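Student: My questions concern the predicted model and sequence given below.
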Amino acid sequence: MTDTRKTAVEYARQHQSEFLDELKAIVSIPSVSSDAEHKPDMQTTADWVAAKLRALGIEKVQVMPTDGHPVVYGEWLGAPGKTTVLIYGHYDVQPVDPLELWKTGPFEPTVRGENLYARGTSDMKGQVMASLHAIEAIVKTSRLPVNVKFMIEGEEEIGSPSLAKWMAAHKDLLKADFCLNPDSGMIGAQYPTITYGLRGLAYFELRVYGPDHDLHSGVFGGVVQNPAIALAELIAGMHDADGRISLPGFYDSVRPLTAEEHENFLRLPTTAEFYKQQTGAPELHGEAGFLPVEQASARPTLDVNGMISGFTGQGQKTVLPAFAMAKISCRLVPDQDPEAVYQQMLAYLQARAPKTIRWELTKFSGAPASISELDLPGVRALAKALETIWDAPVLYKREGGSIPVVGEMQTILGIQSVLTGFGLPDDNLHAPNEKIHLPTWTKGTEALIHFFFNL
């Protein structure tokens, strides 16, 4: 290890307490991008990130407006002729509902054991801070060996609806050799992981209407269609007995897994028992004929994310509801088009919905899947860095989640992304009691220090 690299790593270890305090500070801000009431918090968080970049000596730091929440940009180009890395992150977080399931306040960061609990600790304020702390450790002890640019957005958790337009308008500003995107995670604390594929997303809201107002179920039940039952039947019909999605044409463009990919999936430690331990599910369920890890990361899905209808309070009320609603998301794989999936959903509903109801389908967001090359210099530099810190070979996986910006960067900016992250499968992303495992987070910061020097 060179002296400069060693000194930077020692700085990170000596400043772990301060790094943790900064993480607590940023996760204390309730930057929920989907809630209009938190718009001031979004601005506060963007300003916080900008101030941190300025404190690191990053230049041209700006909080730049978009059609939605702002993007924080900054750059340091003091290494002419060297690699330029665009560092991506997002400062927005998911809603906290159901609030009553949190053991401590979602924006009151609390250390319990080896974990820090709060919304955004893992997804992805913790990952953003690991990147910034790696930069800090280098600039406080020597000089950055590469050029860096930052693009920290505020709309990832709502599908990044403003980002593509913003990137297209700032293509020259964002020129880079590749993007470092730490918005992924590890298979386990002992398994350093690089993600090379992401599923896409198509998100809908389906509303079903029956009578023009709520009815007494004793008077009208049996003669008027119940929208809740109609919605349940429509949703139930979206899968067949083998777990395959029954929207017409849904699988027509799905890219099949190769034999080599299947062999790589067999090597991963993500067995059926792994998923049962992570989820608490009594048994697994999914598309027949595929490994659990393939079902969870490399095959398309259709899930109900929420449903509401009628009376849901305590006690009883015999009501026949006027409407029912479901939030539905499809995770997509390479070659699937979100717009085509929307049309397939429309075709399914037109063919299957009974005439006793009226329905509306709203499309909220869509993003294609993405695949990155494993032989990129950035991937090699990161793999070496992870292996240095973990003293274990890197595992390469496809991620079941969606990061729309990855595919958009390939299309708009012409650059690929190196995907990693230091969250764990049990971090409760998007759920109550989100956490980050602090020893893994600390090792991630050190790995990123090595990554920049490896470049």
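Tutor: Good, I have the coordinates.
Student: what bits of this structure have low per-residue confidence?
Tutor: 1 (pLDDT under 70).
Student: how is it carved up into domains?
Tutor: Taking automatic domain parsing as the criterion, the chain consists of the domains 3-198+369-454, 200-254+300-367.
Student: residue ranges for the helices of the stretch 251-400 of the chain, please.
Tutor: 259-267, 272-279, 292-297, 338-352, 377-390 (DSSP state H, counting those that start in this stretch).
Student: would TSV of these with mean neighbour count and distance to residue 50 be doable?
Tutor: (C-beta placed from N, C-alpha, C; glycine too.) Output for the helices of the stretch 251-400 of the chain, formatted as TSV (neighbours: other Cβ atoms under 10 Å; distance: least, Cβ to Cβ, whole Å):
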stretch	mean neighbour count	distance to residue 50
helix 259-267	12	40
helix 272-279	13	36
helix 292-297	20	35
helix 338-352	17	32
helix 377-390	20	25
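Student: Out of these, flag the one nearest residue 126.
Tutor: With Cβ to Cβ as the measure, helix 377-390 is the member of the helices of the stretch 251-400 of the chain nearest residue 126 (16.6 Å).
Student: So which elements touch that closest one?
Tutor: Packed against helix 377-390 by the contact rule (3 or more Cβ pairs under 8 Å, 6 or more residues apart in numbering; DSSP states H and E) you find strand 178-181, strand 193-198, strand 417-419, helix 438-454.
Student: mind checking how far that helix is from the chain centre?
Tutor: On the basis of Cα atoms, centre = their mean, to the nearest Å, helix 377-390 sits 22 Å off its chain's mean C-alpha point.
Student: Residue numbering should commence at 878 henceforth.
Tutor: New numbering, starting at 878: the last item is helix 1254-1267.
Student: send the alpha carbons of that helix over as PDB?
Tutor: Once non-C-alpha atoms are left out, helix 1254-1267 reads as follows in PDB (Å, rounded to 0.1, in the frame of the first residue of the first chain):
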ATOM      1  CA  PRO A1254     -11.700  -0.300 -16.000                       C
ATOM      2  CA  GLY A1255     -14.000   1.000 -13.300                       C
ATOM      3  CA  VAL A1256     -15.300  -2.500 -12.500                       C
ATOM      4  CA  ARG A1257     -11.800  -3.900 -12.300                       C
ATOM      5  CA  ALA A1258     -10.700  -1.100 -10.100                       C
ATOM      6  CA  LEU A1259     -13.700  -1.600  -7.800                       C
ATOM      7  CA  ALA A1260     -13.300  -5.400  -7.700                       C
ATOM      8  CA  LYS A1261      -9.700  -5.000  -6.600                       C
ATOM      9  CA  ALA A1262     -10.600  -2.500  -4.000                       C
ATOM     10  CA  LEU A1263     -13.400  -4.700  -2.500                       C
ATOM     11  CA  GLU A1264     -11.100  -7.800  -2.500                       C
ATOM     12  CA  THR A1265      -8.400  -5.700  -0.700                       C
ATOM     13  CA  ILE A1266     -10.700  -4.800   2.200                       C
ATOM     14  CA  TRP A1267     -12.800  -7.900   2.400                       C
END
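Student: The stretch 928-1077 of the chain: helices as residue ranges?
Tutor: For the stretch 928-1077 of the chain, helices defined by DSSP H, counting those that start in this stretch occupy the ranges 1002-1016, 1040-1046.
Student: Next up, the contacts around residue 949.
Tutor: Under the criterion of Cβ atoms under 8 Å, 6 or more residues apart in numbering, the contact partners of residue 949 comprise 923, 926-927, 930, 938-941, 968, 1027-1030.
Student: Would you reformat the helices and strands packed on helix 1254-1267 as CSV and include mean neighbour count?
Tutor: Rendered in CSV, the data for those read as follows (neighbours: other Cβ atoms under 10 Å):
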stretch, mean neighbour count
strand 1055-1058, 24
strand 1070-1075, 24
strand 1294-1296, 27
helix 1315-1331, 23
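Student: ok, back up a step: pick the most deeply packed of the domains of the chain.
Tutor: Among the domains of the chain, judged by mean count of other Cβ atoms under 10 Å, the one packed with the most neighbours on average is domain 880-1075+1246-1331 (a mean of 20).
Student: What is the end-to-end distance of that domain?
Tutor: Across domain 880-1075+1246-1331, the straight-line distance between its terminal residues is 14 Å, by Cα to Cα, to the nearest Å.
Student: same check, this time on stretch 1260-1278
Tutor: 21 Å.
Student: which residues sit against that stretch?
Tutor: The contact list for stretch 1260-1278 (Cβ under 8 Å, 6+ apart) reads 1061-1062, 1064, 1067-1076, 1141, 1144-1147, 1170, 1173-1175, 1178, 1208, 1251, 1296-1297, 1320, 1323-1328, 1331.
Student: cool, stretch 1038-1055 as well?
Tutor: For stretch 1038-1055, the external contacting residues (Cβ under 8 Å, 6+ apart) are 941, 943-946, 948, 950, 960-963, 1026, 1028, 1030, 1032, 1242, 1253-1255, 1281-1282, 1285-1286, 1289-1290, 1292-1295.
Student: Restricted to strands, list those residues.
Tutor: 941, 948, 950, 961, 962, 963, 1026, 1028, 1030, 1242, 1294, 1295 (DSSP state E).
Student: Report the two members of these separated by the largest distance.
Tutor: Considering Cβ to Cβ, no two members of the ones in strands among the contacts of stretch 1038-1055 lie farther apart than 961 and 1242, which are separated by 29.6 Å.
Student: As TSV, the helices and strands packed on helix 1254-1267 with distance to residue 1154 would be great.
Tutor: Compiled in TSV, these are given as follows (distance: least, Cβ to Cβ, whole Å):
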stretch	distance to residue 1154
strand 1055-1058	28
strand 1070-1075	17
strand 1294-1296	24
helix 1315-1331	17
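Student: Among the ones you listed, which comes closest to residue 991?
Tutor: Proximity to residue 991 (Cβ to Cβ) singles out helix 1315-1331 among the helices and strands packed on helix 1254-1267, at 5.5 Å.
Student: which strands and helices sit next to that closest one?
Tutor: Packed against helix 1315-1331, as judged by 3+ Cβ pairs under 8 Å, 6+ apart, are the following elements: helix 880-891, helix 893-904, helix 1002-1016, helix 1254-1267.
Student: Residue 1098 is nearest to which of those?
Tutor: Distances from residue 1098 to each of the helices and strands packed on helix 1315-1331 were compared using Cβ to Cβ; the shortest belongs to helix 893-904, at 48.2 Å.
Student: Give me the helices and strands touching the closest one, please.
Tutor: Identification of packing neighbours for helix 893-904 by 3+ Cβ pairs under 8 Å, 6+ apart yields helix 916-932, strand 992-994, helix 1002-1016, helix 1315-1331.
Student: now these in JSON lines, with distance to residue 1040?
Tutor: Formatted as JSON lines, the entries for the helices and strands packed on helix 893-904 read as follows, by distance: least, Cβ to Cβ, whole Å:
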{"stretch": "helix 916-932", "distance to residue 1040": "14"}
{"stretch": "strand 992-994", "distance to residue 1040": "28"}
{"stretch": "helix 1002-1016", "distance to residue 1040": "16"}
{"stretch": "helix 1315-1331", "distance to residue 1040": "23"}
